[in-house]
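> Requesting a structural model of the entry that follows:
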Amino acid sequence: MKRKISVGLCLAAFLCLHPALSVSQESQGRPAARIDGSGSDWRSLGENDFRQVNCHPQTWIWQADALHCSGSPIGVLATKQTFVNFEMVVQWRHLHPAGNSGIFIWAPEQALQELKPDELPKYGIEIQALDHGYAEQYEQRTGKKGDWFTTNGDVFAVGKSTMIPFPPTSPNGSRSFPKKNLSKGMGEWNHYYIRAINGEVRLWVNGEEVSGGKECQPRSGCICLESEGSPVEFRQLRIRELP
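Below you'll find the predicted structure:
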């Protein structure tokens, strides 16, 4: 009994000293660490921090409490600033079944120049955000099992970028597959915490680390939000730059 009390007191003291870290109760009853971006040196990312790249003006609409994306045309919204080492939190939700979207990090400026509508950058590390219905739709459309992707937070290099994925990986070894299936379905908000340091990226989904990779190249660039055919919303984007 004394040990349990001391552990609880230590945890309470730790949380008081680290306001950005809170403990939330997940659906299966297990506590999970959740970085909410409220600590020292964190700042919000808003409309003035982003620029249109290859979408229409109405594709991305900043609302009072969320950024709404129509999904058309395919393309990205990019930060004006480039980042090297950082932590980022963002919440997202799909509004239609089988929705597809994602967050690109370390997309160099050359990947965004002269990018046409319905094209995606040829550089960057993608942190994917898929609705669970995407897997079912893919199987119905192709008659094949979608074993090369998941809907719970894949991380992978895009185009000319490179990365060594953390296991488990996709069958061809190009994607880091999540160790746990923690994403929520259409209409529900998901919480991503992304930590990108010295060419290594790690992803936490709804409070637990699931995927990532190391030795990313390039390891400097813009952060992009992806429009890919279906309406999606983002909110509470916050970032903290690191040395």
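> okay, now Gly102: neighbour count?
Neighbourhood size, Gly102 [other CB atoms under 10 Å]: 24. C-beta coordinates here come from the backbone N, C-alpha and C atoms, glycine included.
> Gly143 too?
7.
> Give me the pLDDT for it.
If you check Gly143, the pLDDT there is 95.
> likewise Arg175?
According to the model, Arg175 scores 98 on pLDDT.
> host element of the residue lying closest to it once chain neighbours are set aside?
Nearest non-adjacent residue to Arg175, counting by CB to CB, 6 or more residues apart in numbering: Phe156, 4.1 Å away. In this structure, Phe156 sits in strand 155-157 according to DSSP states H and E.
> need the next SSE after that strand, C-terminal direction.
strand 162-165.
> Helices along this protein, start to end?
Ranges of helices in the chain, per DSSP state H, are 2-17, 133-142.
> who's in contact with His96?
Residues in contact with His96, defined by CB atoms under 8 Å, 6 or more residues apart in numbering, are 131, 186, 230-231.
> Roughly how far does it sit from Gly71?
Distance from His96 to Gly71, counting by CB to CB, to the nearest Å: 8 Å.
> Give the residues shared as contacts by the two.
By CB under 8 Å, 6+ apart, His96 and Gly71 have these common neighbours: 230-231.
> so Asn206 touches Tyr193, yeah?
No - the pair Asn206 / Tyr193 is not scored as a contact, 9.3 Å apart, by CB atoms under 8 Å.
> intersection of neighbour lists for the two?
Arg34.
> so Ser44 bridges to which residues?
For Ser44, the beta-bridge partners are Arg238 (DSSP bridges).
> can you put the contacts of His96 in CSV and add neighbour count, pLDDT and distance to Ile35?
Shown next, in CSV, are those (neighbours: other CB atoms under 10 Å; pLDDT from 0 to 100; distance: CB to CB, whole Å):
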residue, neighbour count, pLDDT, distance to Ile35
Asp131, 27, 98, 24
Met186, 15, 97, 25
Ser230, 22, 95, 27
Pro231, 16, 98, 27
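> one step back: list the contacts for the residue nearest to Arg175?
Contacts of Phe156 by CB under 8 Å, 6+ apart are 125-126, 128, 163, 165, 170, 174-176, 213.
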